[in-house]
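# Quick check, what structure comes out for this input:
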Amino acid sequence: NANINLKDSSTVPLSNKFNMINELSGKFISERLLRKKEIGTDLGVYVYFVSYDERFYRFTFTFYNNGSVIKIYKISFDDSLNSEIEESLRLYSN
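As a prediction, the model looks like this:
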């Protein structure tokens, strides 16, 4: 992505975190779209559940459409899925 400079001060820590996930969490197993939200055709946010051998994570991707091309605007991830898990369990309770 032309918007992501691999030597940028905000990109280096993100790259290091990706490397850490690969080292600490084991083999990648799968990903599943949890939810998506679009604001017209300008902005889209996609949240994924990603599982590895040892752990699972939530990845959030924000895409921006400038009218001629869609680019990644922001990427974040964490292992705090408590609210998503609790909400999904409520859907199945009687």
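# Give me the mean pLDDT for the longest helix seen in the chain.
When the chain is parsed with DSSP state H, its longest helix is helix 11-24. Across helix 11-24, the average pLDDT comes to 80.
# For that helix, name the packing helices and strands.
strand 70-78 (3 or more C-beta pairs under 8 Å, 6 or more residues apart in numbering; DSSP states H and E). For glycine as for every other residue, the C-beta is placed from the backbone atoms N, C-alpha and C.
# Mind doing that once more with 10 Å?
strand 43-52, strand 70-78 (3 or more C-beta pairs under 10 Å, 6 or more residues apart in numbering; DSSP states H and E).
# can you dump the C-alpha coordinates of it into CSV?
This file holds the C-alpha atoms of helix 11-24, laid out as CSV (Å, rounded to 0.1, in the frame of the first residue of the first chain):
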residue,chain,number,x,y,z
THR,A,11,4.6,1.4,11.2
VAL,A,12,7.7,-0.1,12.8
PRO,A,13,5.9,-1.0,16.1
LEU,A,14,3.0,-2.5,14.1
SER,A,15,5.4,-4.6,12.1
ASN,A,16,7.1,-5.7,15.3
LYS,A,17,3.7,-6.7,16.8
PHE,A,18,2.9,-8.8,13.7
ASN,A,19,6.2,-10.6,14.0
MET,A,20,5.5,-11.2,17.7
ILE,A,21,2.1,-12.7,16.9
ASN,A,22,3.8,-15.1,14.5
GLU,A,23,6.4,-16.1,17.1
LEU,A,24,4.2,-16.4,20.2
